[in-house]
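Student: pasting the sequence and the predicted coordinates here, then a few questions.
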Amino acid sequence: MRLFEPISLGGVTIPNRIVKSAMAEGQSDASGQALPGLARMYGRWARGGVGLAITGMAHIRPGFSFTDREIGLYRDANVEPLRAVTAAAHEHGGRIFAQLCHAPPQLPRAKAKELGAVAPSGGLCRTNLRWGRALTGDELRRLAKDFGAAARRAREAGFDGVQLHAAHGYLLSRMLSPRDNRRTDRWGGSFEGRLAFLSEVYSEVRRAVGDDYPIIIKLNAHDGLRGGLDIETSLRIARRLEEWGIAAIEVSAGIAEVGLGFFPNRGSIPVESSKEYLGVEFPFLRPVKPVLGPIIRGLSRSVRLREEAYFAPLAERFARAVSVPVICVGGIRTLATASRLVEDTPVAMVSLARPLVRQPGLPRAWQRGESPTAQCTSCNECFVHLGFGQPLKCWNKTA
Ligand SMILES: Cc1cc2nc3c(=O)[nH]c(=O)nc-3n(C[C@H](O)[C@H](O)[C@H](O)COP(=O)(O)O)c2cc1C
């Protein structure tokens with residue numbers, strides 16, 4: 001079965017076509033140093049048969065992580081503990097890439113206040129309701145260098161490649177979006193201007209890791225908002241990435257304010273935990289807590305899409321437009337769909353997130369012909385709890 005055949009990404013052989021998509025793990029300390037649980041987690045995924053595991057978003061600047069428990073690649077002291085993580089993945093024959101991300105403007109509300117809220121063009125960040133100022137050109141140039149330094153550390157820590165996180169509304173994706181990036185300097189104003197930051201980041205990362213090291217990207221096919229990044233523009237970006245030498249493109253969609261932030265990971269809205277944590281993030285909502293449930297439930301109807309592989313048509317379009325491997329992510333739940341995508345469409349690999357939280361051994365089970373349907377119900381409890389500092393785990397063992 002093609003799903004279990006190796007594939008080369010930028011010269012690195014991945015033993016099969018099943019990717020563990022990036023998920024923040026909640027297994028690092030407040031300085032971003034890996035805790036022992038992180039190596040155990042990646043050991044389980046590799047033992048479970050994942051060909052390529054992509055880490056959760058690693059921050060490239062001190063403090064700029066979405067939660068306080070994410071991998072930090074902003075300083076050399078964090079390299080050594082990560083060697084145990086890459087070794088655990090390699091011991092079982094898997095490959096592991098580090099995802100690099102700069103989270104603003106999507107920082108939790110308190111962090112945005114502490115660190116200073118910034119955005120491509122300033123204005124209101126619709127996810128934390130903080131007013132941010134525009135980043136300066138010098139700051140963007142320094143950030144690109146920080147991406148490069150983080151990639152160098154990833155290589156030193158034994159990662160087999162890096163993934164740039166240019167999806168879901170973090171800085172790289174918002175710089176590409178005409179809705180968020182309304183700058184008139186060299187970092188905006190036109191297709192080329194909006195691409196300039198990604199181009200600078202790619203160049204710095206390439207310079208830091210050398211030509212023989214895979215750089216892949218998670219790219220939004222569209223933002224899901226009027227005036228945001230659209231598919232035609234994203235396809236143009238993908239072609240440009242191919243010219244630069246990107247080793248693979250993972251196609252996702254949506255930014256945080258679409259569908260209450262559950263657009264890239266569609267499923268149910270966990271009403272109780274969302275209600276609880278919204279009161280923590282936005283204390284002014286506490287008095288209206290009793291009515292939050294019905295409101296959240298009502299709003300969540302827009303994301304209650306349960307079709308499998310909901311981004312597959314997008315991924316197929318990208319795979320027809322470029323010749324580098326395209327990875328399809330989003331709602332893949334059955335062996336039949338995973339193998340259909342790599343056998344019958346131009347998509348090269350499939351990427352799973354939530355099902356592998358519940359069943360780290362799912363790829364091996366699929367290979368043995370067992371458990372053809374993942375047990376994950378896309379309840380999204382893992383997502384909400386993680387966002388508030390809990391380690392990544394399945395909270396829905398009874399479903
Ligand atoms: C708990 C959790 C954490 C996530 N963290 C990240 C992340 O750090 N980086 C990223 O690109 N996507 C992140 N995602 C999105 C997933 O990588 C994936 O795109 C999405 O969940 C859809 O795939 P699935 O249906 O197989 O879960 C996260 C999703 C979940 C559920």
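Tutor: Yep, that arrived. Numbering: from 1, shown residues only.

Student: can you show me the strands along the stretch 251-399 of the chain?
Tutor: When assigned using DSSP state E, counting those that start in this stretch, the strands of the stretch 251-399 of the chain occupy the ranges 326-329, 349-352.

Student: point out the most buried one among the ones you listed.
Tutor: The highest mean neighbour count among the strands of the stretch 251-399 of the chain, using mean count of other CB atoms under 10 Å, belongs to strand 326-329: a mean of 28. Where C-beta positions appear, they are placed from N, C-alpha and C, glycine not excepted.

Student: ok, back up a step: okay if I get the strands of the stretch 251-399 of the chain as CSV plus mean pLDDT?
Tutor: Shown next, in CSV, are those (pLDDT from 0 to 100):
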stretch, mean pLDDT
strand 326-329, 98
strand 349-352, 98
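
Student: reformat those strands as TSV; add distance to Cys101.
Tutor: Putting the strands of the stretch 251-399 of the chain into TSV (distance: least, CB to CB, whole Å) gives the following:
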stretch	distance to Cys101
strand 326-329	16
strand 349-352	16
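
Student: Phe4 is nearest to which of the ones you listed?
Tutor: Go through these one by one with CB to CB and the one that ends up closest to Phe4 is strand 349-352, at 11.6 Å.

Student: can you list contacts of the closest one?
Tutor: Counting by CB atoms under 8 Å, 6 or more residues apart in numbering, the neighbours of strand 349-352 from elsewhere in the structure are 3, 7, 14, 17-21, 51-52, 54, 248, 250, 325-329, 332, 338, 341-342, 362, 374.

Student: just checking: which of the residues you listed also lie near the ligand?
Tutor: The subset of the contacts of strand 349-352 within reach of the ligand, by CB under 6 Å from any ligand atom, is 21, 329, 332.

Student: identify each buried residue in the helix or strand of the chain with the lowest mean pLDDT, please.
Tutor: The helix or strand of the chain with the lowest confidence, counting by mean pLDDT, DSSP states H and E, is helix 289-299 at a mean of 70. The neighbour-count check on helix 289-299 (16 or more other CB atoms under 10 Å) flags 292, 296 as buried.

Student: just the residues contacting that helix, thanks.
Tutor: When contacts are defined by CB under 8 Å, 6+ apart, helix 289-299 is touched by residues 260, 269, 271-272, 274-275, 278-279, 285.

Student: ok, and the most crowded of these?
Tutor: The member of those surrounded by the most neighbours (other CB atoms under 10 Å) is Ile269, with 25 neighbours in all.

Student: now do the end-to-end distance for stretch 30-50.
Tutor: 28 Å (CA to CA, to the nearest Å).

Student: buried ones in it?
Tutor: By neighbour count, with 16+ other CB under 10 Å as the criterion, the buried positions of stretch 30-50 are 32-35, 38-39, 41-50.

Student: what about the helices in the stretch 101-250 of the chain?
Tutor: With DSSP state H, counting those that start in this stretch as the definition, the stretch 101-250 of the chain shows helices at residue ranges 109-115, 137-156, 171-176, 191-209, 231-244.

Student: in a markdown table: these, plus mean neighbour count, distance to Arg317 and mean pLDDT.
Tutor: Formatted as a markdown table, the helices of the stretch 101-250 of the chain follow (neighbours: other CB atoms under 10 Å; distance: least, CB to CB, whole Å; pLDDT from 0 to 100):
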| stretch | mean neighbour count | distance to Arg317 | mean pLDDT |
| --- | --- | --- | --- |
| helix 109-115 | 16 | 35 | 91 |
| helix 137-156 | 19 | 28 | 98 |
| helix 171-176 | 27 | 17 | 98 |
| helix 191-209 | 20 | 19 | 98 |
| helix 231-244 | 17 | 7 | 98 |
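
Student: now do the contacts for the residue of the chain most remote from its centre.
Tutor: No residue in the chain sits farther from the centre than Pro287, which is 33.7 Å out by CA atoms, centre = their mean. With contacts taken as CB under 8 Å, 6+ apart, Pro287 has no neighbouring residues.

Student: roughly how far apart are Val251 and Ala315?
Tutor: With the distance defined as CB to CB, to the nearest Å, Val251 ends up 4 Å from Ala315.
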